[in-house]
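S.K.: Predicted model and sequence follow; I will ask about them next.
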Amino acid sequence: MATQAIAPMHAAVVHRHHVLPPRRCVRRRGVFVRASAAAAAAAAETDTLSAAFWDYNLLFRSQRDECLDSIPLRVTEGAIPPDFPAGTYYLAGPGIFSDDHGSTVHPLDGHGYLRSFRFRPGDRTIHYSARFVETAAKREESRDGASWRFTHRGPFSVLQGGKKVGNVKVMKNVANTSVLRWGGRLLCLWEGGQPYEVDPRTLETVGPFDLLGLAAADDNKATNASAARRPWLQEAGLDAAARLLRPVLSGVFDMPGKRLLAHYKIDPRRGRLLMVACNAEDMLLPRSHFTFYGQLAIASTNHAFSIRSSKKKITLNGVSMAEFDAHFDLVQKREFVVPDHLMIHDWAFTDTHYILLGNRIKLDIPGSLLALTGTHPMIAALAVDPRRQSTPVYLLPRSPETEAGGRDWSVPIEAPSQMWSVHVGNAFEEANRRGGLDVRLHMSSCSYQWFHFHRMFGYNWHHKKLDPSFMNAAKGKEWLPRLVQVAIELDRTGECRRCSVRRLSDQHARPADFPAINPSYANQRNRFVYAGAASGSRRFLPYFPFDSVVKVDVSDGSARWWSTDGRKFVGEPVFVPTGGGEDGGYVLLVEYAVSKHRCHLVVLDAKKIGTENALVAKLEVPKNLTFPMGFHGFWGDE
């Protein structure tokens, strides 16, 4: 079937019936097979422009109900396997997009809504609960808990029912992007502020967790600073500009001096949690400050945390470090000033390096002026910078010993492909025959030609609806996120001999994102990568939202699939290891059946993806607690 773009269609369908009656559609699991003529005809009846538009928008509809008391979920297919471990799957995402005064915000600015699925192997049940993260912005915008009035724009949104001109309430920390359980704490993270701590059992919000403040208090314990090599006059000018911008950004726009990235990394071999922060003014200046924080906790390969208090020196895997207690004490802090104007969302690490794939941006002066008027989102002040046809890869030394190797880390390796880095599944390094290192990254990336800051998810503040045509462009197969491998060969001096970029699998050329692996294999050679993917079976929503899970075998490039049926979509896959090899375990994901107003927790056998027996269990979430789609999740053993 030929790929077609969805034409702009707000005026055409906005007044029609929201959801067409569900039709019988063919179920496809594993490698996709050709449907029968009758099943294909039935599916085609619901594959209309109107159905596609409303399916997409209902996937991101607001959720005002909470599930304060844990409730058991009903198994609708299969059964919970007896070897499924005790633990909890936490899923973070936005919950509220529309208020009661005419404003609709971008999904990235929706208030954080945290869901938990707690597995109890003893009685083989799964208990569900869901609550809003009680951020300061949430308390202000929903004072009575029943009605909502957006007063903060958020970086990606425009308010229709609120104040526009002069509204400087921009940085709304909604704690909606990712979730992490570490050191006995459960944290909800956002891309521009400090995390919020949540009780892991009740999901009640404890309050802001000042991670950066703790790190600053420990600066005298472990601090390593590195600076970019740049002409002193140019550096002095940037310093002066930064000093002028900081009080404006913090005093007028209430932006924190440093913004913590929402994506973290866990080094299972060293038992460390790694996080990155950037300076607020980096978004506007042609240089970027990155601060990497490494914190210590002793962890098993399945992330069952057991932390002991001591102050003695220990050695793990030949690496000397200090062991601290469970209170997020700092082990290592390293700072870098990168001489480039970059936007970083996700990143990677190896034994000896932090790895940044730079997304080049530039200041958009006309967009900045429109943003200040309140008629355009604040993110309109930035634009992608496609002038270079390569991608800068910064290998930043993780230790002073690596830095002493002599390579100028401020000079990036230029990957021979222009990629906008989206999410990283894994990175690792191995010694090569030349006495150097081979570095591999498995990640998703998209095209600069497609990426647009304030149109992500098809946000359109004029119509208060999401436009699925942006996420399903005619050239979306090549422009939207896809799985790639970046391979870098370093010689014994640390210099790059070659760098290549290729698809992770030639058998899977369709859009895919949210790469995940068995977490026990983080920072080491892995064979399998799992990701959300598009089957292309729907004519008007061929590329997004995803309706499949793809399992890529990196060793030979082969790929196998599991797919939903009918008008259903899936979120990010999360791997739950049980032992028995790299793919010994289960893949969790949430399936959203928009036409039936239902969503299910799906349990897949990782080894059997690509066969008819991949689905192990499906559990139904109560109808009033279904949507919207979540962003990123975390599995934590009990």
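M.R.: Received the coordinates, thanks. If you're wondering where the values come from, they're calculated on a predicted model, not measured in any experiment.
S.K.: what bits of the stretch 201-350 of the chain have low per-residue confidence?
M.R.: 213-257, 280-289, 295-329 (pLDDT under 70).
S.K.: Can I get the helix or strand harbouring residue 444 in CSV? Just the C-alpha atoms.
M.R.: Residue 444 belongs to strand 437-446 when assigned by DSSP states H and E. C-alpha atoms of strand 437-446 as CSV (Å, rounded to 0.1, in the frame of the first residue of the first chain):
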residue,chain,number,x,y,z
LEU,A,437,39.4,1.1,21.6
ASP,A,438,36.4,0.3,19.5
VAL,A,439,33.3,2.2,20.7
ARG,A,440,29.8,1.2,19.7
LEU,A,441,26.5,3.0,20.2
HIS,A,442,23.0,1.6,19.6
MET,A,443,20.5,4.5,19.4
SER,A,444,17.6,6.1,17.6
SER,A,445,18.0,9.2,15.5
CYS,A,446,15.9,11.3,13.2
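S.K.: Looking at strand pairing, list the partners for residue 443.
M.R.: residue 424, residue 484 (DSSP bridges).
S.K.: residues contacting it?
M.R.: 346, 348, 357, 421-425, 483-486, 515 (CB atoms under 8 Å, 6 or more residues apart in numbering). All C-beta spots, glycine's among them, are computed from the backbone N, C-alpha and C.
S.K.: next one: the strand holding residue 444 to chain centre, how far?
M.R.: 16 Å (CA atoms, centre = their mean, to the nearest Å).
S.K.: before we move on, what about stretch 432-440?
M.R.: Stretch 432-440 sits 30 Å away from the centroid of its parent chain (CA atoms, centre = their mean).
S.K.: Okay, buried residues for it please.
M.R.: For stretch 432-440, a neighbour-count test (16 or more other CB atoms under 10 Å) marks 436, 437, 438, 439, 440 as buried.
S.K.: Span of stretch 330-349 from start to end?
M.R.: Separation of the first and last residues of stretch 330-349 by CA to CA, to the nearest Å is 18 Å.
S.K.: what do you get for stretch 357-367?
M.R.: Start-to-end, stretch 357-367 (CA to CA) is 25 Å.
S.K.: residues in contact with that stretch?
M.R.: Stretch 357-367 is touched from outside by 283-284, 338, 340-345, 347-348, 376, 380-388, 391-394, 412, 415, 419-421, 424, 441, 443, 445, 486, with contacts defined as CB under 8 Å, 6+ apart.
S.K.: so after the lowest-mean-pLDDT helix or strand in the chain, what's the next helix or strand?
M.R.: In the chain, no helix or strand scores lower on mean pLDDT, DSSP states H and E than strand 319-322, which sits at a mean of 25. Toward the C-terminal end, the helix or strand that comes next after strand 319-322 (DSSP H and E) is strand 330-338.
S.K.: Check which helices and strands the helix or strand following that next one is in contact with.
M.R.: Tracing the chain past strand 330-338, the next element assigned as helix or strand by DSSP H and E is strand 342-343. Using 3 or more CB pairs under 8 Å, 6 or more residues apart in numbering; DSSP states H and E, the elements in contact with strand 342-343 are strand 359-363.
S.K.: What average pLDDT does the strand it packs on get?
M.R.: Mean pLDDT, strand 359-363: 90.
S.K.: Kindly report the same for stretch 157-170.
M.R.: 70.
S.K.: Contacts for the helix or strand just after the strand holding residue 444 next, please.
M.R.: Under the assignment DSSP H and E, the closest C-terminal helix or strand after strand 437-446 is strand 459-460. Here strand 459-460 makes contact (CB under 8 Å, 6+ apart) with 10, 106, 107, 156, 157, 466, 467.
S.K.: so which of the residues you listed comes closest to residue 206?
M.R.: Nearest to residue 206 among those: residue 107, at 25.5 Å, using CB to CB.
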